[in-house]
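*Asks:* model the structure of this input:
(2 chains)
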Protein chains: 2
Amino acid sequence: MTAPLFNRLALIGIGLIGSSIAQAVRARGLAGEIAISTRSEETLRRAGELGLGDHYVLDAADAVEGADLVILCVPVGANEAVAKWIAPALKPDAILTDVGSTKASVVAQIAPYVPEGVHFIPGHPIAGTEQSGPDAGFATLFEDRWCILTPPDNVDKAALERLSNFWTACGSTVDTMDPNHHDLVLAIVSHLPHLIAYNIVGTADDLETVTKSEVIKYSASGFRDFTRLAASDPTMWRDVCLNNKDAILEMLARFSEDLSALQRAIRWGDGDALFDLFTRTRGIRRSIIEAGQETDAPDFGRIKID
Amino acid sequence: MTAPLFNRLALIGIGLIGSSIAQAVRARGLAGEIAISTRSEETLRRAGELGLGDHYVLDAADAVEGADLVILCVPVGANEAVAKWIAPALKPDAILTDVGSTKASVVAQIAPYVPEGVHFIPGHPIAGTEQSGPDAGFATLFEDRWCILTPPDNVDKAALERLSNFWTACGSTVDTMDPNHHDLVLAIVSHLPHLIAYNIVGTADDLETVTKSEVIKYSASGFRDFTRLAASDPTMWRDVCLNNKDAILEMLARFSEDLSALQRAIRWGDGDALFDLFTRTRGIRRSIIEAGQETDAPDFGRIKID
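*Replies:* From the prediction side, this is the model:
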């Protein structure tokens, strides 16, 4: 048996992502021991019942003591408080990373507290489901998914390599980019889709002319695809909005402009403009399927097929 | 063996829906014979290769000759021309129905041509996938789905019952409603979601700051859920927009208003408003799953789970 990549992994926060990391690490023997800390006593007890770690502590500073890999798995708005809390307890030469959906704000909030000698390399595994909490985690969540790291220019090469190896061992492919570019990319591929999904479900919920039971009954005709994203964790998404404001507002503005043009084409009966838009979008799905990021089964494979 | 519900079924149009009806009818013995007509010679030949029917004709009037059930499975914009074409050939006492996604316009376009003695009962099976053409059809498409009929006030009760029995035999649950109410319901559960999906995929396609390959690589974080709807048949959706204009513009206006409020909450950092919106939308998904219109597997069950 080969030696684990890290002696002690500390997970701060044990929701869907933290729990999945714990299970992936356990299944693949990537760490000698796992220390888990989370704010809520109830969640910590649940993590224990699920057997996710070796040590369970409410004090995050205790969890990081002696850890050579510390992963913050909290909503992005909680990073600054956690960084301040754990900083004095971080081991020299430890790697400190996170899993947050925004990166520029995470750098701004965490970097000032990172002690000399600790390697802070922000990260973002592009994986998840609409479910949340420690029970929602599973060991294969990161398989065949991307993990983006946004290392600082002066990053310690050996530390970056160790962290990359960690995510590769979890089944992911690692990519590196600048934190600001990350935030722009995620604003369009993730943040805007979630906001649009939350918004349309809210609009449907408010109608006076169509009942909620009608929306639910006939949701298979399109609406239900949006409800998956709109069922995601509210705290996480509030924090994403507050922490990637500029990029999100830019994408929302573009989306609204395009929607106005579409609305105008409908009002004026411009069938050609509608047909052109509805045609060019087909190719993107084909590319996503070819890239192995989606199934080609009709209807996501959720219908029964003979 | 019980007698089939209909002696001769004529399908005008043989895309995803027409092909699925043919296969459901064949699998369940619901018609003595099936006549298929479609505009394109190539599609008609393909339907023959797939063995979907008993007769294949380019002339729609020939197909409906002697048929006691005629189902129009063409894009809604083609209904008027088809109705005009087949009207003189319709058998007295035949049932004429359709599968279009809009109903008020279908009534306006078809009703004037329906001969005395023919029972015209518009219909809309709420089922489909993002794929199109005769190869995309399958016999179980309508199982556990709703089928909405919009019979006129003076409908022949026996004819309505025969058509309801037909859809029930295909595995669907039949609901009846007024055509205008149908169009309002479908505008929110189906037409708006498709337009939003087409729009966001178009917006992503146009970005200068994020490359198309980045959108594709990281699409698993939300974007790909929209691409399924945005891969739907362009002709069908152009026609839906042109034929349910008022209801769609009303829903688009409400959606845009709500989106402006959301945008404002993000700009001003109103975390409570964001949290409230993101919380109330969760319940709707739960209801859709409880109503049996969605799977409760995380991520639509498309990820691998241990």
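
*Asks:* what residues does the stretch 1-150 of chain A have near chain B?
*Replies:* A:101, A:126-131, A:136, A:138-141, A:143, A:145-146, A:148 (Cβ under 8 Å from any Cβ of the partner chain). All C-beta spots, glycine's among them, are computed from the backbone N, C-alpha and C.

*Asks:* any of the residues you listed buried? List them.
*Replies:* A:101, A:126-131, A:136, A:138-141, A:145-146, A:148 (16 or more other Cβ atoms under 10 Å in any protein chain shown).

*Asks:* quick one: which of the residues you listed is nearest B:Pro112?
*Replies:* A:Glu130 (47.6 Å; Cβ to Cβ).

*Asks:* isn't the closest one right next to A:Arg224, touching?
*Replies:* No. Using Cβ atoms under 8 Å, A:Glu130 is not in contact with A:Arg224; the gap is 11.9 Å.

*Asks:* so what sits against both of the two?
*Replies:* Common neighbours of A:Glu130 and A:Arg224, using Cβ atoms under 8 Å, 6 or more residues apart in numbering or on different chains, are B:Arg285.

*Asks:* for A:Ser213, see how far away the residue nearest to A:Gln23 when sequence neighbours are not counted is.
*Replies:* Spatial nearest neighbour of A:Gln23, chain neighbours left out: A:Ala139 (3.9 Å); criterion: Cβ to Cβ, 6 or more residues apart in numbering or on different chains. A:Ala139 is 39 Å from A:Ser213, where distance means Cβ to Cβ, to the nearest Å.

*Asks:* would you map the helices across the stretch 151-300 of chain A?
*Replies:* With DSSP state H, counting those that start in this stretch, the ranges of helices along the stretch 151-300 of chain A come out as A:157-169, A:179-186, A:192-205, A:212-217, A:223-229, A:234-243, A:245-267, A:271-280, A:282-290.

*Asks:* dump those helices into JSON lines; add mean pLDDT as well.
*Replies:* Below are the helices of the stretch 151-300 of chain A laid out as JSON lines (pLDDT from 0 to 100):
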{"stretch": "helix A:157-169", "mean pLDDT": "98"}
{"stretch": "helix A:179-186", "mean pLDDT": "97"}
{"stretch": "helix A:192-205", "mean pLDDT": "96"}
{"stretch": "helix A:212-217", "mean pLDDT": "93"}
{"stretch": "helix A:223-229", "mean pLDDT": "93"}
{"stretch": "helix A:234-243", "mean pLDDT": "96"}
{"stretch": "helix A:245-267", "mean pLDDT": "97"}
{"stretch": "helix A:271-280", "mean pLDDT": "96"}
{"stretch": "helix A:282-290", "mean pLDDT": "91"}
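
*Asks:* nearest to A:Pro298, of the ones you listed?
*Replies:* A:Pro298 lies closest, by Cβ to Cβ, to one member of those: helix A:282-290, at 11.5 Å.

*Asks:* right, is that closest one up against chain B?
*Replies:* Yes. Judged by Cβ under 8 Å from any Cβ, helix A:282-290 comes into contact with chain B through A:Arg282, A:Ile284, A:Arg285, A:Arg286, A:Ser287, A:Ile288.

*Asks:* got the domain boundaries for chain A?
*Replies:* A:6-177, A:181-269 (automatic domain parsing).

*Asks:* please name the nearest non-neighbouring residue to A:Asp175.
*Replies:* In this structure, A:Asp175 finds its nearest non-sequential neighbour in A:Ile148, 5.1 Å apart by Cβ to Cβ, 6+ apart.

*Asks:* actually A:Arg282, not the one I typed
*Replies:* Using Cβ to Cβ, 6+ apart and skipping the chain neighbours, the partner closest in space to A:Arg282 is B:Ala231 (4.9 Å).

*Asks:* distance of A:Thr235 from A:Ser132?
*Replies:* Note on A:Thr235: its distance to A:Ser132, by Cβ to Cβ, is 9 Å.

*Asks:* ah, wrong one, I meant A:Asn165
*Replies:* Separation of A:Asn165 from A:Ser132 (Cβ to Cβ) stands at 28 Å.

*Asks:* who has more neighbours out of these two?
*Replies:* A:Ser132 (20 against 14; other Cβ atoms under 10 Å in any protein chain shown).

*Asks:* how many neighbours does the nearest residue to that one once chain neighbours are set aside have?
*Replies:* Of all residues not flanking A:Ser132 in the chain, A:Asp233 sits nearest, at 4.1 Å (Cβ to Cβ, 6+ apart). Applying other Cβ under 10 Å, we find 21 residues neighbouring A:Asp233.

*Asks:* who are the contact partners of the residue nearest the centre of chain A?
*Replies:* Closest to where the C-alpha atoms of chain A average out (Cα atoms, centre = their mean) is A:Ser101, at 5.0 Å. Contacts of A:Ser101 were listed using Cβ under 8 Å, 6+ apart, and they are A:Val76, A:His124, A:Leu186, A:Ser190, A:His191, A:Met236, A:Val240, A:Asn244, B:Ser221.
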